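> structure for this input, please:
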Amino acid sequence: MKLFKNFCNQLEKTTISQTWRNCNQIFVDTIVKLREICITLNLNELNTYKISLLYQEENEFKIIREMCLHILWNILKYPKHIKYRQIHKQALYNYLSQKCHTLGTDFERILIAIEKNLQFIGFKKENDKWYYRYNNIQLSHLWKCYRLVINLQPMYFMCLFCCC
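Residues are numbered from 1 along each chain as shown. Just a heads-up that it's a prediction; the model follows:
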């Protein structure tokens, strides 16, 4: 009965009784074994939590990278088209919201990171739009930004790692 009181919050009753039988109904041995089981379960929960955090961070980074590549590529590919030099705040907000919801990531953190990246690329925020602030496209700067972001893709990490 004491075993159930001590471990019922952490383990199922069937696990407690099975461990009791496996330890030949020796109280001290059963306590030691149940503590080991609890520690293992806690470590597994911690590892699962860490993995889910890493997965969430990976998804956040993926969204930021994809958005930056998309914006940069459109400006580089169509330097004379004005529409690629303007990003409506609400459209960006809606797209990121949907993407974050799909991948289960933190929307606010991604939005802040995207806005910082837009500023670094050369966009300036005015009213409800982000405008590329240069009349003449700064191709060398945009190309450096594009290369910087594209080299962060996992397949390039693997390629660089394997070749070295």
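> tell me who's in contact with the residue nearest the centre of the chain.
Most central in the chain under C-alpha atoms, centre = their mean is E57, positioned 2.1 Å from the mean C-alpha point. With contacts defined as C-beta atoms under 8 Å, 6 or more residues apart in numbering, E57 has no neighbours. Where C-beta positions appear, they are placed from N, C-alpha and C, glycine not excepted.
> what strand or helix carries it?
helix 27-77 (DSSP states H and E).
> Y131 now?
strand 129-132.
> and that strand, which strands flank it?
strand 86-88 (antiparallel), strand 123-126 (antiparallel) (DSSP bridges).
> can you list the buried residues in the host helix or strand of T19?
In the assignment (DSSP H and E), T19 maps to helix 13-22. Of all the residues in helix 13-22, those buried under the rule 16 or more other C-beta atoms under 10 Å are 16, 19-20.
> could you export it as CSV, CA atoms only?
This file holds the C-alpha atoms of helix 13-22, laid out as CSV (Å, rounded to 0.1, in the frame of the first residue of the first chain):
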residue,chain,number,x,y,z
LYS,A,13,-0.6,1.0,-10.7
THR,A,14,0.1,-2.0,-13.0
THR,A,15,3.7,-0.9,-13.3
ILE,A,16,4.0,-0.7,-9.5
SER,A,17,2.4,-4.1,-8.9
GLN,A,18,4.4,-5.7,-11.7
THR,A,19,7.6,-4.3,-10.2
TRP,A,20,6.6,-5.6,-6.8
ARG,A,21,6.2,-9.1,-8.2
ASN,A,22,9.4,-8.9,-10.2
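> cool, thanks, talk later.
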